[in-house]
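Asks: Everything below, folded, please.
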Amino acid sequence: GEERFIANKSLSWYSIGFNMWATNVGPSLLLAFATVGYTTGIVAVNFDWYAFVFLYLLAVVFAPRYLALGVKTLPEYMGLHYGSKTQTILAWYSLVKMLISWLSLGLFAGGFLVRQILGIPMYLSVIVLVSLAGLFAYTGGLKTIAKINIFQMILLIIVSALLTYLGIVKIGGLDVLFSSTPENYWSLIRPASDNEYPWYAILLGYPVAAIAFFCTDQAMVQSVLGSKSLKQGQLGVNFIAWLKILSLPLFILTGVICYILFPNLEDPSLAYMTMVTNLFPTGLNGLVIVVLIAVLVGTIGSSLNSLSTVFTMDLYIKHINPSAETKDIIKTGQLTVVVGCFVAVLMALAIDQIKGLNLFDVFQSILGFIAPPLAAVFLLAVLWNKTSQFAVNSLLTFGAFLSLGVGILYLWIFPSKEYGFWPHYLMLSFYLFVGLIILGILLSLLKPSTKLTAKTVVKLEKTERSVNFAWYLLFVIMVVLYVIFW
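Replies: Presented below is the predicted three-dimensional model:
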């Protein structure tokens, strides 16, 4: 069982870094970043550069606690602290979150891509993708996916680098790149009056999604949980923070260059494919498309795998069938994959109906509505030992309904494009988060937990010097980058 799920605590820093990056990058990000680079320039790289703060939080605050308790899944970590009811609630919420944020969004982006390439309707392209991915996850487990992931990752990086290079050559060099774009395309920090990404929305709203995404998400943290040692885990997280610097040249620039070459696209979300089809020679663009589809299948396969891990480990074995034999467990995992495929298809089609937001904002806003309960609960649980079981359970149930409810209102029922009363989606996420934190503190004080279980008091490993140095170096570089692209 363990090998299928977390690749036997054998991962070293570079596999962890690449694996987390591969989980994070995927074709959906390529499409989204190119879209937003096309419409607004480099401001969206904040969503990858500002991440270093929260990755540091994962490495220094969360990872030592997760690894000290030797947990396989994050619901299990919460279960050790607050009992099995909390573990079950969190496992259900994690399932919902994976279904929405990994599977359905990944599938939606994939469907989008396949629809652009083959000109077939959304529902068909989504079904094709999910069948391929389901087959992988149904037969393989994590080791196969991890091996494929890294290989695909390298291919994606080569493709993106080549695309940026060919683009810069075609427009006539870097000077043209800077002179042919509006000046505000090159600034990371937009004025408060900016409609799309005012500085305060990114500063306050992005951390909510980042904490939920990097510190509490099974699919992201899974690689760290499988690390050889704390040091390898922390260096792996540091490594992904370095890799994220590359988002600017690799992913965003494609969109900016596309803006110079093809200023009148009817739909900015076509930016990436427009570049691929126009800049690569004929044979090569076919190959690139095959690579993108292969990676999509890998990404969707990976999320199906995480989905079945959480369902079998946290729900099936714990509550539904405690005396299950290995073959039952494997069978249940496979069944979860099949059900996951169906639900994801329906949700991807619903996401396709969202009006008035570009691809990038669709992704970010959906993550922003899933994140508040998770960010609030994990922060309170890790940083404040008076957080009570009642508070945690309330935030995970009431908080989840509140956040997702607001999201459904914002995206589908009263779409922000038609109804002007909404704040920026990042600010909405921030308000929900602050509200839930306050609620969590109040509930903990009103209804404190009985004593914590003995299991949870663990001596934490100290962070080694070399790890601190790697982070220190990163901090310096990030500050320099922010100063340059102010």
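
Asks: can you map out the helices along the stretch 151-300 of the chain?
Replies: Ranges of helices in the stretch 151-300 of the chain, per DSSP state H, counting those that start in this stretch, are 174-179, 199-210, 218-225, 230-245, 247, 253-261, 271-279, 282-310.

Asks: tell me the mean pLDDT over the fourth one?
Replies: Spelled out, it's helix 230-245. The average pLDDT within helix 230-245 is 94.

Asks: could you dump the helices of the stretch 151-300 of the chain to TSV with mean neighbour count and distance to residue 420?
Replies: Where you see a C-beta, it was placed from the backbone N, CA and C, and this is true even at glycine. Listed next are these as TSV, based on neighbours: other CB atoms under 10 Å; distance: least, CB to CB, whole Å:
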stretch	mean neighbour count	distance to residue 420
helix 174-179	12	35
helix 199-210	21	16
helix 218-225	25	35
helix 230-245	23	34
helix 247	23	32
helix 253-261	24	28
helix 271-279	22	28
helix 282-310	22	35
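
Asks: out of the ones you listed, nearest to residue 10?
Replies: Among the helices of the stretch 151-300 of the chain, the nearest to residue 10 by CB to CB is helix 230-245 (9.9 Å).

Asks: now for the helices of the stretch 151-300 of the chain, which one comes closest to residue 133?
Replies: Nearest to residue 133, of the helices of the stretch 151-300 of the chain and by CB to CB, is helix 282-310 at 3.6 Å.

Asks: After the closest one, which helix or strand is next?
Replies: helix 326-351 (DSSP states H and E).

Asks: Where does pLDDT dip in the stretch 301-450 of the chain?
Replies: 450 (pLDDT under 70).

Asks: quick one: which of the helices of the stretch 151-300 of the chain has the weakest pLDDT on average?
Replies: Ranked by mean pLDDT, the helices of the stretch 151-300 of the chain end with helix 282-310 at the bottom, a mean of 80.

Asks: Do you have the helices of the stretch 351-486 of the chain handy? List them.
Replies: 359-383, 389-408, 425-446, 465-484.

Asks: Flag every buried residue along the longest one.
Replies: Neighbour-count burial for helix 359-383 flags 359-382 (criterion: 16 or more other CB atoms under 10 Å).

Asks: what packs against it?
Replies: Contacts defined by 3 or more CB pairs under 8 Å, 6 or more residues apart in numbering; DSSP states H and E place helix 359-383 against helix 13-40, helix 74-82, helix 84-97, helix 105-118, helix 199-210, helix 389-408, helix 425-446.

Asks: quick one: that helix to chain centroid distance?
Replies: 10 Å (CA atoms, centre = their mean, to the nearest Å).

Asks: and what of the last one?
Replies: Helix 465-484 has its average C-alpha position 23 Å from the chain's average C-alpha position, going by CA atoms, centre = their mean.

Asks: ok, now the third one?
Replies: Using CA atoms, centre = their mean, we find the averaged C-alpha position of helix 425-446 to lie 22 Å away from the chain's own average C-alpha position.

Asks: That one versus helix 199-210: what angle between them?
Replies: Angle, helix 425-446 to helix 199-210, by axes from the mean of the first three to the mean of the last three CA atoms, to 10 degrees: 60 degrees.

Asks: buried residues in helix 425-446?
Replies: 425-433, 436-437, 439-441, 443-444.

Asks: ok, of these, which one's closest to residue 306?
Replies: residue 429 (22.8 Å).

Asks: what sits against the residue nearest to that closest one when sequence neighbours are not counted?
Replies: Among residues not flanking residue 429 along the chain, residue 368 sits closest, at 3.6 Å (CB to CB, 6 or more residues apart in numbering). By CB atoms under 8 Å, 6 or more residues apart in numbering, residue 368 lies in contact with 205, 208, 209, 407, 425, 426, 428, 429.

Asks: Pull the number of nearby residues for residue 22.
Replies: By the criterion of other CB atoms under 10 Å, residue 22 has 27 neighbours.

Asks: isn't it right next to residue 155, touching?
Replies: No. Using CB atoms under 8 Å, residue 22 makes no contact with residue 155, being 10.7 Å away.

Asks: Could you report the neighbour count for residue 190?
Replies: 20.

Asks: pLDDT score for it?
Replies: Residue 190 is given a pLDDT of 93.

Asks: Distance-wise, check it relative to residue 364.
Replies: Distance, residue 190 to residue 364, using CB to CB, to the nearest Å: 15 Å.

Asks: And for residue 378?
Replies: Residue 378 is 20 Å from residue 364, where distance means CB to CB.

Asks: same deal with residue 417?
Replies: 16 Å.

Asks: Repeat that for residue 477.
Replies: Using CB to CB, residue 477 is found at 25 Å from residue 364.

Asks: Kindly report the same for residue 313.
Replies: Counting by CB to CB, the gap from residue 313 to residue 364 is 30 Å.
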